[in-house]
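**Q** Return a 3D structure for these sequence lines:
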Amino acid sequence: MLRKLSIAAALAGIAALPAGATRGASSQIVAQSLLMPGVSYQRQVEFTPRGPVVLDVVIAPRPDGSLYTLAPSLSNNAVVGTETLTGIEKDVTASTTAVGVNGDFFAANPGGPTGILVRGGVLDSAPISSRSSLGIAPDGTLTVTRVAFDGIWHGSGQRRQLDLNAPPVAGHTTLYTPAWGPATPAETGVVEDVIGSLPPTGPSQIVTGAVTQVVQQGGTPIPPAGAVLVARGAQAQYLTAEAPAGSNVDIRLTLTPNWSGMAGAIGGGPLLVSGGKAVFRANEAFDPAQLNTRSARTAVGQLADGRILLVNVEGGSSAYSVGMTNYELATALTRLGAVTAMGLGSGPSAGIAFDGTLLSRPSAGAEQPVSDALLLSYNGVYAAPPATDVLSPNGDGVDDTQTFTYKLVRASQVTATLSGPGGVSVPLAQDAEQPGVHTLQWAGPGAEGNWQFTVTATDDQGRTTSAERDFSVNDTLGSLSVSSAAVTFQLTHPAKVTVNLENGNGIVVATLLLKKLAAGPQRVTWTGRPRSGLRVRVIATNSIGTASLVTPFTARRH
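**A** Numbering: from 1, shown residues only. Below is the predicted model of the structure:
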């Protein structure tokens, strides 16, 4: 037996649409919630002549790199390979709470991102100059532009070109850093210089390391704090002669424009919004069909006040969501208030997730792996929604006890309280606690009405954050029972009551009762054709609030 709260206005305190933004006249908000402090989520449905379109919209504070951070994350922490978006989020859940979208376009084998990747100021993957890249400044400002790459290695001879963490290309020299994976690609006929120690490869900086070993084959382990320089074909002779074991090698990875000050960057494209206006044709290196076909798509944008937009368009179904073209997504972003925005990967891999759980419906029917993701992380105390929206401590065995869960990412001094009707305050915890997930329980007694759970944490860096979650105490409805002929339940207070018969998808098959009832035991009868897989839902509404009980039911002929 399950209890659910029927909420007339979704969740109070959710961030509204940005100032100046408009919503299409034919669109509806079908779900919304507060994911974490300051970060809201909406699922919108637009009804268009082409069919319905579902948009998942996240609005988050400006990522200043302290409490909120926007940064790319590699699948399996390596360029090689892929992982689901929810898996990438689960990999970081101990150190942060994150909402994210799929990242760049990628090739399934070996799985590396197509364009740029900068993590923590370190360049892990080179950009494509014919497509846009997204740069994330330390103050949270987003820049979308085309970026060119020039990689150079220099030993005892002249400066020579190199690729960065890329699949092998005949006649090329490639630098493989630990971001690539555990080892260089398996190859023959190559020369590999192992650089045991190499500073992080920041854009437009010269870093120097000593060659500690020369290997004549691929599959060489990459030192955790070093790199491996691999030369093929005619380039092998230069690496052998100009960078022997014991010599020093200079590495310079240049980005134009100079993005050495960017905290993070991710590839994708094309440019969708510039100066608050939708870009119809960005003239980037994409197949026109890739832009003009309606499909699932993802984008990142920034509002005029610095807040971040993460938007996912669901696709793949003419009945559920037909998806959008690239320009339709650009137009949707301007309606949401974006002043700048860039597209990310599209198609079956497009998706949006929170704390390891998908928010979007996969167009391929199941979540697809991706090469990288763009995560908006929150580093304060996080409180999950209470175990039940309506606490009903009436002894019927359903929702008699409330459970609160919160997560700390750093050691903190914690205070947890409840506030209820009439200004009542109930202390739940006050203690020093270690990082991790913590649980509290409360069974009342408490006055009926609206309550709020608040947890405040001051971490070991002196930073204080709080999280709140609302619920209600309502004893109006209890003791729901269903027999073959009757539905019985108890009303503690008078209420307007609806009794529905639903199928497994929650669709109402029949309404058995809709009327005001006095307090006391209640009985509703119904006879119909035998049918399995049904359930009965009782909804009671009065001045205290709205609550419901639902239980499985199998109808039988009498």
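
**Q** residue ranges with poor pLDDT in the stretch 1-150 of the chain?
**A** For the stretch 1-150 of the chain, residues meeting the criterion pLDDT under 70 lie at 1-26.

**Q** burial count for Ala170?
**A** Ala170: 9 surrounding residues under other CB atoms under 10 Å. Bear in mind the C-beta positions are built from the backbone N, C-alpha and C, glycine included.

**Q** Am I right that Gln290 is in a helix?
**A** Yes: counting by DSSP: H, G, I helix; E, B strand; the rest coil, Gln290 falls inside a helix.

**Q** which residues of the protein fall in helices?
**A** Remark: helices assigned in the chain by DSSP state H are 85-92, 235-242, 288-292, 326-335.

**Q** What lies in contact with the longest one?
**A** To tie it back to what came earlier, the one meant is helix 326-335. With CB atoms under 8 Å, 6 or more residues apart in numbering as the test, helix 326-335 has contacts from 21-24, 46, 55, 270, 272-273, 276-280, 290-292, 294, 297, 299, 301, 309, 311, 313, 324, 341, 343, 346.

**Q** Out of the helices of the chain, which gets nearest to Val414?
**A** Counting by CB to CB, Val414 lies closest to helix 85-92 out of the helices of the chain; the figure is 21.8 Å.

**Q** roughly how far is stretch 127-141 from the heart of the chain?
**A** 19 Å (CA atoms, centre = their mean, to the nearest Å).

**Q** And it, end to end?
**A** Start to finish, the residues bounding stretch 127-141 are 19 Å apart (CA to CA, to the nearest Å).

**Q** ok, and for that stretch, which residues are buried?
**A** By neighbour count on 16 or more other CB atoms under 10 Å, the buried set for stretch 127-141 is 127-128, 131-137, 140.

**Q** between the residues you listed, which is nearest Ile266?
**A** Once CB to CB is applied, the member of those that ends up nearest Ile266 is Leu134, at 5.2 Å.

**Q** Isn't the closest one up against Pro270?
**A** No: using CB atoms under 8 Å, Leu134 is not in contact with Pro270, being 11.3 Å away.

**Q** can you list residues touching both of these two?
**A** With CB under 8 Å, 6+ apart, Leu134 and Pro270 have common neighbours Met342.

**Q** Got a ChimeraX select line for the buried ones in the contacts of helix 326-335?
**A** Entered in ChimeraX, the line below selects the buried ones among the contacts of helix 326-335, by 16+ other CB under 10 Å:
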select :21,46,55,270,272,273,278,279,291,294,297,299,301,309,311,313,324,341,343,346
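
**Q** I'd like to know the predicted local confidence at Ser317, please.
**A** What the model reports for Ser317 is a pLDDT of 89.

**Q** Find the residue ranges of the stretch 151-300 of the chain scoring beneath the pLDDT cut-off.
**A** Using pLDDT under 70, nothing in the stretch 151-300 of the chain is flagged.

**Q** residue boundaries of the strands in it?
**A** Along the stretch 151-300 of the chain, counting by DSSP state E, counting those that start in this stretch, strands occupy 160-161, 163-164, 173-176, 190-195, 206-215, 227-232, 248-256, 264-267, 271-274, 277-278, 297-303.

**Q** So which bits of the fifth one are buried?
**A** Residues 207, 209-211, 214-215 are the ones in strand 206-215 that count as buried (16+ other CB under 10 Å).

**Q** Out of the strands of the stretch 151-300 of the chain, which is closest to Glu468?
**A** Nearest to Glu468, of those and by CB to CB, is strand 297-303 at 23.7 Å.

**Q** That closest one to helix 326-335, inter-axis angle?
**A** For strand 297-303 against helix 326-335, the angle by axes from the mean of the first three to the mean of the last three CA atoms, to 10 degrees is 30 degrees.

**Q** which outside residues touch strand 297-303?
**A** Against strand 297-303 from outside (CB under 8 Å, 6+ apart): 18, 59, 101-102, 134, 141-142, 272-273, 308-313, 315, 323-324, 326, 329, 333, 336-346, 350-352, 374.

**Q** try 7 Å
**A** Contact with strand 297-303 is made by 18, 101-102, 134, 142, 272-273, 308-313, 323-324, 329, 333, 337-346, 350, 374, as judged by CB atoms under 7 Å, 6 or more residues apart in numbering.

**Q** Could you do stretch 486-504 as well?
**A** Against stretch 486-504 from outside (CB under 7 Å, 6+ apart): 394, 475-481, 508-526, 533-542, 544, 549.

**Q** Could you list which residues are in contact with the closest residue to Ser349 other than its chain neighbours?
**A** Among residues not flanking Ser349 along the chain, Gln368 sits closest, at 4.5 Å (CB to CB, 6 or more residues apart in numbering). By CB under 7 Å, 6+ apart, Gln368 lies in contact with 348-349, 362.

**Q** rerun that using 10 Å as the cut-off
**A** 82, 84-85, 102, 108, 296, 345, 347-351, 362 (CB atoms under 10 Å, 6 or more residues apart in numbering).

**Q** how is the protein carved up into domains?
**A** 57-116+128-139+265-378, 148-256, 382-472, 477-555 (automatic domain parsing).

**Q** circling back: nearest to Asp399, of the strands of the stretch 151-300 of the chain?
**A** strand 297-303 (37.2 Å).

**Q** Relative to the closest one, what are the paired strands and their orientations?
**A** The pairing partners recorded for strand 297-303 under DSSP bridges are strand 308-313 (antiparallel), strand 338-343 (antiparallel).

**Q** then it to CSV, C-alphas only?
**A** Provided in CSV are the C-alpha atoms of strand 297-303 (Å, rounded to 0.1, in the frame of the first residue of the first chain):
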residue,chain,number,x,y,z
ARG,A,297,19.1,17.1,-28.6
THR,A,298,21.0,18.7,-25.7
ALA,A,299,22.3,22.2,-25.1
VAL,A,300,24.0,24.4,-22.5
GLY,A,301,23.3,28.1,-22.2
GLN,A,302,23.7,31.1,-19.9
LEU,A,303,21.1,33.7,-18.8
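
**Q** how about low-confidence regions in the stretch 451-558 of the chain?
**A** 527-532, 554-558.

**Q** please redo it, this time with the cut-off set to 90
**A** 482-486, 501-507, 509-510, 525-535, 547, 551-558 (pLDDT under 90).
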